[in-house]
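J.: The following comprises the amino acid sequence and a computationally predicted model.
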Amino acid sequence: MSECPRCKSNSIKLGSNIIIQVGKTRSKKVDILECPKCGLVYYESSKE
Ligand SMILES: [Zn+2]
């Protein structure tokens, strides 16, 4: 379980292994998480 970097509550995973574009040619796989308490939505690198 990931904790919110802002308020340290447990976060909900909205999606995993989402590919985001980094610059023109590079891409990266991330998980998208949301904190239900403070509403922060953030990315975390997917562990493979
Ligand atoms: Zn939070």
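T.: Sure thing, it's come through.

J.: And stretch 35-42, end to end?
T.: Stretch 35-42 stretches 9 Å from its first residue to its last (Cα to Cα, to the nearest Å).

J.: and that stretch with the ion, contact?
T.: Yes - part of stretch 35-42 sits near the ion under the criterion Cβ under 5 Å from the ion, namely 35, 37-38, 40. The way it works is simple: take the backbone N, C-alpha and C, and place the C-beta from them, glycine included.

J.: Could you pick out the residues of the chain near the ion for me?
T.: Residues of the chain lying near the ion by Cβ under 5 Å from the ion: 4, 6-7, 9, 35, 37-38, 40.

J.: out of those residues, which are buried?
T.: Buried members of these, scored by 16 or more other Cβ atoms under 10 Å, are 4, 35.

J.: and the residues of the chain next to the ion as a markdown table, adding distance to residue 21, secondary structure and pLDDT?
T.: Listed next are the residues of the chain next to the ion as a markdown table, based on distance: Cβ to Cβ, whole Å; DSSP: H, G, I helix; E, B strand; the rest coil; pLDDT from 0 to 100:
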| residue | distance to residue 21 | secondary structure | pLDDT |
| --- | --- | --- | --- |
| 4 | 25 | coil | 97 |
| 6 | 25 | coil | 97 |
| 7 | 29 | coil | 97 |
| 9 | 29 | coil | 97 |
| 35 | 24 | coil | 98 |
| 37 | 30 | coil | 97 |
| 38 | 27 | coil | 98 |
| 40 | 22 | coil | 98 |
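
J.: CSV for the residues of the chain next to the ion, including distance to residue 46?
T.: Formatted as CSV, the residues of the chain next to the ion follow (distance: Cβ to Cβ, whole Å):
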residue, distance to residue 46
4, 18
6, 21
7, 23
9, 21
35, 19
37, 24
38, 23
40, 19
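
J.: Can you lay out the residues of stretch 35-42 next to the ion as a markdown table showing distance to residue 15?
T.: As requested, those are exported to a markdown table (distance: Cβ to Cβ, whole Å):
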| residue | distance to residue 15 |
| --- | --- |
| 35 | 15 |
| 37 | 19 |
| 38 | 19 |
| 40 | 15 |
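
J.: Nearest to residue 47 among the residues you listed?
T.: residue 35 (19.6 Å; Cβ to Cβ).
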